[in-house]
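Undergrad: Below is the sequence, then the predicted model.
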Amino acid sequence: MSAADPQGKRAIAKQNGDKTYFTGVPCKHGHVCDRYTNSYSCVECQYINTINYIAKNKEIVRQNERKCYAKRIEHFREKNKRYGKEHPEKKLASVRSWNKRNQDRVRATAMRRYTKKFHATPSWLNEDENKWINAIYKMATKTQDQSGIKMAVDHIVPLQSKSVCGLHVPWNLRVISFSENSSKHTKITDDVYLPKHIGVMVGHSALPWNWSKSNEQ
């Protein structure tokens, strides 16, 4: 027993196999809450320290999470399936919420799935080039939000054409209006503008000075 634990509750918790116990005595930071049996540390202090560590070491935490997931991938897949079966409404709401927050990634992933049917996405694309593709779809989403005009990501050299077939690679993608993309079909055009500072190709119909509702008619 100690002044911080006059009733010896930690010893009792150890005997019972409890992970935490409560004394009612504030910690050095004034928190009146449970303490961990193995370390005697305050649960609230531990939580705050963890949050601060994550905020300061985001990349390290992400790498550790990826390693953990890779080692136990089947466990996490099964856990996710069980959660979906037990809580279908919450799972659906979570997916919809994520999709809404990450529209550019959803569109990029959907296009990758589509283009795989035509073997148009090369296996030799590296991580930076895949990030480049995501940036293009993100630019399309941002331009659409700013202009109020529906945008699309166009393949400059079409994936399917009688003369030549293009690839789903960043240097063959550009942002244009949805109406222009629909009218283009499988034609090849050199109507491209390349902002060097971001590396995303943009067609004239997606440039701010050409934003007009008439583009959608």
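TA: That came through, no problem.

Undergrad: got a pLDDT number for the spatially most central residue of the chain?
TA: In the chain, the centroid-proximal residue (C-alpha atoms, centre = their mean) is Asn102; its distance is 6.2 Å. pLDDT for Asn102: 87.

Undergrad: other SSEs contacting the top helix by length along the chain?
TA: The longest helix of the chain (DSSP state H) is helix 127-147. Counting contacts by 3 or more C-beta pairs under 8 Å, 6 or more residues apart in numbering; DSSP states H and E, helix 127-147 packs against helix 103-116, strand 151-155, strand 173-177, strand 201-202. For the C-beta atoms, the positions are set from N, CA and C on the backbone; glycine is no exception.

Undergrad: Of all these, which one is nearest Ile54?
TA: Of all the helices and strands packed on helix 127-147, helix 103-116 sits nearest to Ile54, with 21.9 Å by C-beta to C-beta.

Undergrad: From the contact counts, what lies against that closest one?
TA: Here helix 103-116 touches helix 127-147, going by 3+ C-beta pairs under 8 Å, 6+ apart.

Undergrad: just checking, Gly166 is part of a strand?
TA: No: when classified by DSSP: H, G, I helix; E, B strand; the rest coil, Gly166 is found to be coil rather than part of a strand.

Undergrad: could we number from 7 for the rest of this?
TA: All right, first residue 7 from here; so that's Gly172.

Undergrad: Now do the residue lying closest to it once chain neighbours are set aside, the pLDDT please.
TA: Once flanking residues are discounted, Gly172 sits nearest to Val163: 3.1 Å by C-beta to C-beta, 6 or more residues apart in numbering. Confidence at Val163, expressed as pLDDT, is 82.

Undergrad: give the contact list for Val163.
TA: 170-173, 178, 194 (C-beta atoms under 8 Å, 6 or more residues apart in numbering).

Undergrad: top of those by neighbour count?
TA: Neighbour counts for these (other C-beta atoms under 10 Å) peak at Gly172, which has 20 neighbours.

Undergrad: Report the separation between it and Lys137.
TA: Using C-beta to C-beta, to the nearest Å, Gly172 is found at 20 Å from Lys137.

Undergrad: ok, now Ile79?
TA: In terms of C-beta to C-beta, Ile79 sits 23 Å off from Lys137.
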